[in-house]
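In: coords please:
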Amino acid sequence: MARPRKFDEQQVLEAARERFWSNGYAATRMDDIAAATGLGKGSLYGAFGGKQELFHRVFDEYCGSIVDATRQDLRGDDADAYERLSAHIHAVAASTAADAAHRGCLLAKGTAELAEHDTVVAQRARVAVDALQSALADDIAACQRHGDIAPDHDPAKLAALVLAVLRGIEALGKAGATEQTLTDIADTALAVLPRP
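Out: Numbers count the residues shown, from 1 in each chain. Sure thing, here's the model as predicted:
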């Protein structure tokens, strides 16, 4: 009969996420995660599989959380849609500027490091990016219905542009761009959206 687990699985996943996020996949060893969690490697392997399976689990949860948070930020009445879009874009710039360690986004970091050789990461990243674009498109369509963005533009294409700007803000922040630079990019992104 198998012994019951005597650890908090979510705490282990959070500790693993911090290691992968700070060091990257290649530079993180199961020994590092074992040390961070206080578990033996055997317990980690037994509960989560190998390092790749553990990363997949961490990456999947992170992608899900960032999509859920974005949907929550952008959900609401048409009358407030432009304000939500502006707040979301500025929040990404502000949180990126506040990232003193320049860790960036785990979605971007994991995708850049692994997607070329890991189909699970590539597929999960694609699903997350599509969901982020869809959430932005829904909000932009709401802006159009309320008359804040010109209605004769495809909201999905505008959402793709905004998403590219947000990912660019995160990349520039990781490279050490100043808070003012990131705020200026956010302001410019909003200014170039077609107004009625």
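In: how far away is residue 155 from residue 49?
Out: 40 Å (Cβ to Cβ, to the nearest Å). The way it works is simple: take the backbone N, C-alpha and C, and place the C-beta from them, glycine included.
In: Repeat that for residue 20.
Out: From residue 20 to residue 49 the distance is 15 Å (Cβ to Cβ).
In: ok, the two, which is more surrounded?
Out: residue 20 (25 against 12; other Cβ atoms under 10 Å).
In: Break down this protein into its helices, ranges please.
Out: Using DSSP state H, the helices assigned to the chain run over residues 9-23, 30-37, 41-48, 51-74, 81-97, 106-114, 119-146, 155-174, 179-192.
In: Run the angle between the longest one and helix 81-97 for me.
Out: Interaxial angle, helix 119-146 versus helix 81-97 (axes from the mean of the first three to the mean of the last three Cα atoms, to 10 degrees): 140 degrees.
In: Show me which residues of helix 119-146 are buried.
Out: Neighbour counts using 16 or more other Cβ atoms under 10 Å place 121, 124-125, 128-129, 131-144 of helix 119-146 among the buried residues.
In: One more: stretch 175-192?
Out: Neighbour counts over stretch 175-192 (16+ other Cβ under 10 Å) mark 177, 182-183, 185-186, 189-190 as buried.
In: same question, stretch 76-92
Out: For stretch 76-92, by 16+ other Cβ under 10 Å, it's 80-82, 84-86, 88-90, 92.
In: Can you get me the centre-to-centre distance for it and its chain?
Out: 18 Å (Cα atoms, centre = their mean, to the nearest Å).
In: Contact partners for residue 189?
Out: 89, 161-162, 165 (Cβ atoms under 8 Å, 6 or more residues apart in numbering).
In: next one: residue 36
Out: So residue 36 contacts 15-16, 18-19 (Cβ under 8 Å, 6+ apart).
In: what do you get if the cut-off is 7 Å, keeping everything else the same?
Out: Neighbouring residues of residue 36 by Cβ atoms under 7 Å, 6 or more residues apart in numbering: 15, 19.
In: And residue 147, by the same measure?
Out: Here residue 147 is in contact with residue 196 (Cβ under 7 Å, 6+ apart).
In: Can you report phi and psi for residue 39?
Out: Per-residue torsions, residue 39: phi -100, psi 150 (degrees, to the nearest 10).
In: so what does the helix or strand of the chain with the lowest mean pLDDT touch, helix or strand wise?
Out: Ranked by mean pLDDT, DSSP states H and E, the weakest helix or strand in the chain is helix 41-48, scoring a mean of 85. When contacts are defined as 3 or more Cβ pairs under 7 Å, 6 or more residues apart in numbering; DSSP states H and E, helix 41-48 sits against helix 30-37.
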